[in-house]
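Student: Sequence and predicted structure, then a few things I'm wondering about:
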Amino acid sequence: MATEITMPKLSDTMTEGRLISWKKSVGDRLERGDILAEVETDKATMELESFSAGVLLETRAKAGDMVAVGAVIGVVGEAGEKVAAVPGAVQPEAAEAKEPAISLPKEEPPKPEPKEPPSPVKEETSAAGVEPLDSAEEHEGAEKADVGQREPEPQGRDAERASPIVRRLARESGVDLREVRGSGPGGRILREDLDRVLGERQREKPEVTTPKPSAGPTPGSTLPLTRMRSAIARLVTEAWHTIPHFAVTVRIDMGEAEVLIRGLRESGKRLSVNDLVIKGCAAALVRHPGVNATFGEESIVVHPEVNIGIAVSLPDGLMVPVIKGCQDLSLLDIAERSREAVARAREGKGTESDFTGGTFSISNLGMYGVEEFMAIIHPPQGAILAIGAIDDEAGVREGQIVAQRVMRATLSADHRLIDGAYAAKFMGELKKVLENPVVLLV
């Protein structure tokens, strides 16, 4: 039975995508996992991978076409199978009822953008939101990427032998892919092949070298506006002009939280400050559900589930995978799902469900040494939490001046549905659970 290939939706705000190129031609035989096409979404350039074996029976979009989310761009089936004539793409509603025929395994930065600032050596606290953020240190295996000038894409055989992310990592590592022996189907170069070559180089040359900074935009240059940057610009402009923001900041002593995290790590548990903040927010949102809400034209929707987004920084912007049902997850469950979500987003393996349905966001610039800031709310959500760095400060405990490990957290709230006193109660609850984090283990 023929299976339709549709334009994926990778965010709540995405409405269309551009077909960059077809990697297969009509009549070509496909195996499960073969790359069918390259698509530019409002988040990144992604490869579309076939979920089905068969033959590419037809294509319904050509390179350069803008295609609505959910519309059919091609059909996969058995050789000689008849496909019902469909004038143009189907409506998104119809496409959503079909079983998807693609997965999104790899990402490729579409165009050059200004280089992100380097992460200073500070206490790492990672989180999410509308601002770019963290954190490869806390999420092992998540790749950092330079935002320097992009080199021309390889053509022909070189382009087919490796995915965009492998080609990018090879460029950054100075590896000539022509010298790499691929272990994948048809000699395709996999990430493990590149890691093997890098490991061999490290053993041959163990001395540490200082990496050179990537080339950034030159003064006076004009950078092209990517679809990702356009989407971010549209989103934050809409949010700032339509949502009446106000902010509430609290000072949180994270000393006990750091002790708890160190203890769990020593026992073999993988845990970060970010995971603890997510769990703390989930607990506070359960106690104060009015913050976990959306303002509508005629009603306020208080969401039954706590779905928290964690932003993942990409070379040309960010994606915000969502951890769903946080109210029912343990701290260690949240830590595991957070790691998986970050890895999928960075590797371009996320699906529509990974990036939609968020009810609350967390944005963290603490890894850059930022003490506190106000984040922009991510529509249609009603609030976002901004997290600053953890640093040493003097405080008073039982009448004595003591050193404290202080983190400042700022809630940006939609004043149409959240009042100041209610926001203050939410932040008070968050402060209470993070300063006494053992309650989050229950």
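Tutor: Arrived safely.
Student: How many neighbouring residues does residue 438 have?
Tutor: Neighbours of residue 438 under the rule other CB atoms under 10 Å: 10. All C-beta spots, glycine's among them, are computed from the backbone N, C-alpha and C.
Student: so how far is residue 289 from residue 28?
Tutor: 52 Å (CB to CB, to the nearest Å).
Student: Show me which of the two is the more surrounded one.
Tutor: residue 289 (16 against 12).
Student: quick one, what contacts the more buried one?
Tutor: Neighbouring residues of residue 289 by CB atoms under 8 Å, 6 or more residues apart in numbering: 302, 303.
Student: One more pass at 7 Å, please.
Tutor: Residues in contact with residue 289 (CB atoms under 7 Å, 6 or more residues apart in numbering) are residue 302.
Student: do the same with residue 404
Tutor: Contacts for residue 404 (CB under 7 Å, 6+ apart) come out as 253, 255, 393, 395.
Student: so where's the stretch 201-350 of the chain shaky on pLDDT?
Tutor: For the stretch 201-350 of the chain, residues meeting the criterion pLDDT under 70 lie at 201-217.
Student: which residues of it fall in strands?
Tutor: Using DSSP state E, counting those that start in this stretch, the strands of the stretch 201-350 of the chain run over residues 245-253, 293-295, 300-302, 308-310, 312-314, 317-319, 322-323.
Student: now those strands as TSV including mean neighbour count and distance to residue 236?
Tutor: Formatted as TSV, the strands of the stretch 201-350 of the chain follow (neighbours: other CB atoms under 10 Å; distance: least, CB to CB, whole Å):
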stretch	mean neighbour count	distance to residue 236
strand 245-253	17	11
strand 293-295	19	17
strand 300-302	14	22
strand 308-310	30	15
strand 312-314	24	16
strand 317-319	24	11
strand 322-323	24	19
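Student: could you redo the ones you listed as a markdown table and give each row distance to residue 22?
Tutor: Shown next, in a markdown table, are the strands of the stretch 201-350 of the chain (distance: least, CB to CB, whole Å):
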| stretch | distance to residue 22 |
| --- | --- |
| strand 245-253 | 44 |
| strand 293-295 | 39 |
| strand 300-302 | 41 |
| strand 308-310 | 33 |
| strand 312-314 | 24 |
| strand 317-319 | 24 |
| strand 322-323 | 31 |
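Student: Out of these, flag the one nearest residue 428.
Tutor: Smallest distance to residue 428 across the strands of the stretch 201-350 of the chain (CB to CB): 7.2 Å, for strand 245-253.
Student: Neighbouring strands of the closest one in the sheet, and parallel or not?
Tutor: Strand pairing for strand 245-253, using DSSP bridges, gives strand 400-414 (antiparallel).
Student: next structured bit after the strand it pairs with?
Tutor: helix 420-435 (DSSP states H and E).
Student: Show me what that next one packs onto, helices and strands only.
Tutor: Helices and strands touching helix 420-435, by 3 or more CB pairs under 7 Å, 6 or more residues apart in numbering; DSSP states H and E, are strand 245-253, helix 273-287, strand 400-414.
Student: which residues sit in contact with residue 65?
Tutor: Residues in contact with residue 65 (CB under 7 Å, 6+ apart) are residue 19.
Student: Now do the same for it: its pLDDT.
Tutor: Here the pLDDT value assigned to residue 65 is 88.
Student: end-to-end on stretch 414-422?
Tutor: In stretch 414-422, first residue to last residue: 12 Å (CA to CA, to the nearest Å).
Student: buried ones in it?
Tutor: Of all the residues in stretch 414-422, those buried under the rule 16 or more other CB atoms under 10 Å are 414, 417, 418.
Student: which residues are in contact with that stretch?
Tutor: 243-244, 246, 248, 288, 290-291, 293, 295, 300, 377, 382-383.
Student: Wait, residue 426 touches residue 284, no?
Tutor: Yes. Under the criterion of CB atoms under 7 Å, residue 426 makes contact with residue 284 at 5.4 Å.
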